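J.: Let me see the structure of the following:
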Amino acid sequence: MKERFKRYLEQQFRAIRPTLAAAEYREKMLKQLMDRAQELRIKGMDDEDLIYDMCIEELGDFAATLAAFDEQEHKVANTKRNAVLGAVCGVGAALALVVVYLIVSFLVPNSWGLTWLILVGGAFAAVIAVAVVLLVKFVKAKKYLLMRLMPPVVIVLLCVYLFLLLQLVGHVEMSWLAFLAMVVMIAAFDGALAFITEFKFRWVELPIVIEIVCVMVYVIVGIIVPSFWHPGWLLCLGGVVAAIAEAIVLIATRNSKKDKKEKKRIAAKYTEEDESYYTSWKD
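T.: Numbers count the residues shown, from 1 in each chain. The predicted model follows:
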């Protein structure tokens, strides 16, 4: 019996790549088949051909099982190779960044006080790349709450670096407004993601997001254009107006659905009553 199982497995495993994992899996399957054959013997079966057929039949579509196993092994191998490649590329990029930093610092007079921004930019770019990769993975895994944590990370790093460039390199006045714009972008982006992912409380979040955006836009414009402070404060009522409009729309939609449901119920009731009228008899 053992030799028959071996021959069967040898034939089946020729369809996949001859890896160490495949060899270990083949040994595991042989033991599983032998154990199952022994169980059948203990139950009283003595026909070896029948035992063999039952054991093989219980494997189901073994060719498909092997194909799935081989594909999974291939994915694991690719993941490991990609991880190694990513690590090598990361180290190479870091060294290249350091080289660029040193070259620029030595070639440009009195630039040591600013060239550190090159290293900071590289570090920020690496974190952003990781955040984007995690974002894609969370989307594929449908882990939407974790996914929504990634865009704020990207936005914060971009705004911080923009502030550093504007303040230290460009000497732009009020460059700190980048942080106020950061709040607007985070709120707006998260609100959009709430609807894209069909977040349960998206309709509650919407007026809050609108209010945050309105207030921050009011502050930013008011700082840049002082004359906007009054009557620009009316912009802060945007969230309240949005909440009221949303409530009206939701109530109207809900009432419309109730009306349709009630009409269907009444129509079904009269249909049943009409049918009863035509089919009921006193005797």
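J.: Let me see the mean pLDDT of the strand or helix carrying Leu145.
T.: Assigned by DSSP states H and E, Leu145 falls within helix 144-147. Averaging pLDDT along helix 144-147 gives 89.
J.: Mind listing residues that contact that helix?
T.: Applying Cβ atoms under 8 Å, 6 or more residues apart in numbering, the contact partners of helix 144-147 are 134-135, 138-139, 193, 197, 199. (C-beta placed from N, C-alpha, C; glycine too.)
J.: tell me the two of these that are most distant?
T.: Leu134 and Phe199 (18.7 Å; Cβ to Cβ).
J.: just the helices in the stretch 101-250 of the chain please.
T.: 112-140, 144-147, 150-164, 177-196, 202-224, 229-232, 238-279 (DSSP state H, counting those that start in this stretch).
J.: got the ones you listed as a markdown table, with mean neighbour count columns?
T.: Formatted as a markdown table, the helices of the stretch 101-250 of the chain follow (neighbours: other Cβ atoms under 10 Å):
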| stretch | mean neighbour count |
| --- | --- |
| helix 112-140 | 15 |
| helix 144-147 | 14 |
| helix 150-164 | 18 |
| helix 177-196 | 17 |
| helix 202-224 | 17 |
| helix 229-232 | 11 |
| helix 238-279 | 11 |
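J.: can you redo the ones you listed as JSON lines with distance to Met45?
T.: Formatted as JSON lines, those follow (distance: least, Cβ to Cβ, whole Å):
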{"stretch": "helix 112-140", "distance to Met45": "47"}
{"stretch": "helix 144-147", "distance to Met45": "52"}
{"stretch": "helix 150-164", "distance to Met45": "58"}
{"stretch": "helix 177-196", "distance to Met45": "59"}
{"stretch": "helix 202-224", "distance to Met45": "61"}
{"stretch": "helix 229-232", "distance to Met45": "88"}
{"stretch": "helix 238-279", "distance to Met45": "59"}
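J.: Would you mind saying which of those lies nearest Arg4?
T.: Closest among the helices of the stretch 101-250 of the chain, using Cβ to Cβ: helix 112-140, at 43.3 Å.
J.: ok and the closest one relative to helix 150-164, angle-wise?
T.: 170 degrees (axes from the mean of the first three to the mean of the last three Cα atoms, to 10 degrees).
J.: name the helices or strands packed onto helix 112-140?
T.: Packing partners of helix 112-140 (3 or more Cβ pairs under 8 Å, 6 or more residues apart in numbering; DSSP states H and E): helix 62-107, helix 144-147, helix 150-164.
J.: which of those is buried the deepest?
T.: Ranked by mean neighbour count under mean count of other Cβ atoms under 10 Å, the helices and strands packed on helix 112-140 are led by helix 150-164, which reaches a mean of 18.
J.: From Cys236, how far off is Phe218?
T.: That one is not Phe; residue 218 is Tyr. Going from Tyr218 to Cys236 by Cβ to Cβ, to the nearest Å gives 6 Å.
J.: worst average pLDDT in the helices and strands packed on helix 112-140?
T.: For these, the bottom mean pLDDT is recorded on helix 62-107, which sits at a mean of 83.
J.: so that helix versus helix 112-140, what angle?
T.: In terms of direction (the same axes, to 10 degrees), helix 62-107 departs from helix 112-140 by 170 degrees.
J.: could I get the contacts of helix 144-147 as JSON lines with distance to Phe106 and pLDDT?
T.: Below are the contacts of helix 144-147 laid out as JSON lines (distance: Cβ to Cβ, whole Å; pLDDT from 0 to 100):
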{"residue": "Leu134", "distance to Phe106": "37", "pLDDT": "91"}
{"residue": "Leu135", "distance to Phe106": "38", "pLDDT": "92"}
{"residue": "Phe138", "distance to Phe106": "43", "pLDDT": "91"}
{"residue": "Val139", "distance to Phe106": "44", "pLDDT": "90"}
{"residue": "Leu193", "distance to Phe106": "45", "pLDDT": "91"}
{"residue": "Thr197", "distance to Phe106": "49", "pLDDT": "89"}
{"residue": "Phe199", "distance to Phe106": "52", "pLDDT": "87"}
